[in-house]
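Trainee: generate a structure from the sequence data that follows.
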Amino acid sequence: MKNAQAEVPSATSPGQDPRTGAGISRRESQAPAIGREAAPASPFGLLRRMMEDMDQLVSGFGGRGLTARSGLLDEGLWSPQVDVLERNGNLIVKADLPGMRREDIHVEVLKDLLIIEGERSFELEEEEEAEGIWSLERSTGQFRRVIPLPEGIDTESIQANFENGVLEVSLRLPGELPQGKRIEVKGGSREQARRMTRGKPIH
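Mentor: As a prediction, the model looks like this:
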């Protein structure tokens, strides 16, 4: 499958197609699927369940979970805060990325995972010209957030928009989860069973 890539638009303007937005790509994953229970009543419920399951898996190996601010990050890297919500049939993921440039943000769909990553850096001209530095608290460096996606989500509908330091990613949720069909199990008569064992056809 070919990777689809585009730039995240800094703002949505009339006549502009948000799907031409920044750094979006998609590829298939070879990783084994995490075991799932029966699907909840809504796709959003499934998303929460998947995030909880993956948190438990990562925590079991000494990590702090995917939904934690520093989930799947090495020491020294910063992690932006992320909100995940449902709106008008879409899954909305918002990430606070103050001080970042659009071209430094990369959004990727890896099968059933949404990956947001990039790098933030600040110019140190003001600090270097200062007579003394009391503290430097602004986080810099690379970051990476991984958000599990519910089963059946339309990854082709992904849109990304970056404006006022906030990245918003939207994906269309499945309209309806597939419903199972109950099959009635019928029992045959004893006479039919005897005729079957004798090799006689049942009429």
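Trainee: the longest strand in the protein is where?
Mentor: The residue-count maximum for a strand in the chain (DSSP state E) belongs to strand 154-163.
Trainee: that strand packs against which elements?
Mentor: strand 24-27, strand 105-110, strand 166-172 (3 or more C-beta pairs under 8 Å, 6 or more residues apart in numbering; DSSP states H and E). All C-beta atoms are positioned from the backbone trio N, CA, C, and that covers glycine.
Trainee: got CSV for these, with distance to Ile158 too?
Mentor: Formatted as CSV, the helices and strands packed on strand 154-163 follow (distance: least, C-beta to C-beta, whole Å):
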stretch, distance to Ile158
strand 24-27, 6
strand 105-110, 6
strand 166-172, 5
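Trainee: closest one to Asp96 among those strands?
Mentor: The closest of those to Asp96 is strand 166-172. By C-beta to C-beta, the value is 6.1 Å.
Trainee: confidence-wise, which of the helices and strands packed on strand 154-163 is weakest overall?
Mentor: Mean pLDDT values for those show the minimum at strand 24-27, a mean of 57.
Trainee: point out where the chain drops to low pLDDT.
Mentor: 1-77, 122-131, 176-180, 188-203 (pLDDT under 70).
Trainee: could you dump the helices and strands packed on strand 154-163 to CSV with distance to Leu136 and mean neighbour count?
Mentor: Shown next, in CSV, are the helices and strands packed on strand 154-163 (distance: least, C-beta to C-beta, whole Å; neighbours: other C-beta atoms under 10 Å):
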stretch, distance to Leu136, mean neighbour count
strand 24-27, 33, 17
strand 105-110, 23, 21
strand 166-172, 24, 19
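Trainee: of all the ones you listed, which one is nearest Pro148?
Mentor: Shortest distance between Pro148 and those, using C-beta to C-beta, is found for strand 105-110: 10.6 Å.
Trainee: how close does Gly89 sit to Glu168?
Mentor: Plainly put, Gly89 is 16 Å away from Glu168 if you go by C-beta to C-beta, to the nearest Å.
Trainee: can you pull the contacts of the closest residue to Gly89 other than its chain neighbours?
Mentor: With sequence-adjacent residues excluded and distances taken as C-beta to C-beta, 6 or more residues apart in numbering, Gly89 is closest to Leu173, at 5.6 Å. When contacts are counted by C-beta atoms under 8 Å, 6 or more residues apart in numbering, Leu173 touches Pro43, Phe44, Glu86, Gly89, Asn90, Leu91, Pro150, Gly152, Ile153, Asp154.
Trainee: inside strands: which ones of the residues you listed?
Mentor: Counting by DSSP E, the contacts of Leu173 place Glu86, Asn90, Leu91, Asp154 in strands.
Trainee: type out the PyMOL command that picks the buried ones from those residues.
Mentor: In PyMOL syntax, the buried subset of the ones in strands among the contacts of Leu173 is picked out as below (16 or more other C-beta atoms under 10 Å):
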select buried, resi 90+91
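Trainee: which of the ones in strands among the contacts of Leu173 lies closest to Glu137?
Mentor: Checking those against Glu137 by C-beta to C-beta gives Leu91 as the nearest, at 32.6 Å.
Trainee: for Leu114, see how far away the residue nearest to the closest one when sequence neighbours are not counted is.
Mentor: Leaving aside its chain neighbours, Leu91 sits nearest to Leu171 (4.8 Å; criterion: C-beta to C-beta, 6+ apart). Leu171 sits 8 Å away from Leu114, going by C-beta to C-beta.
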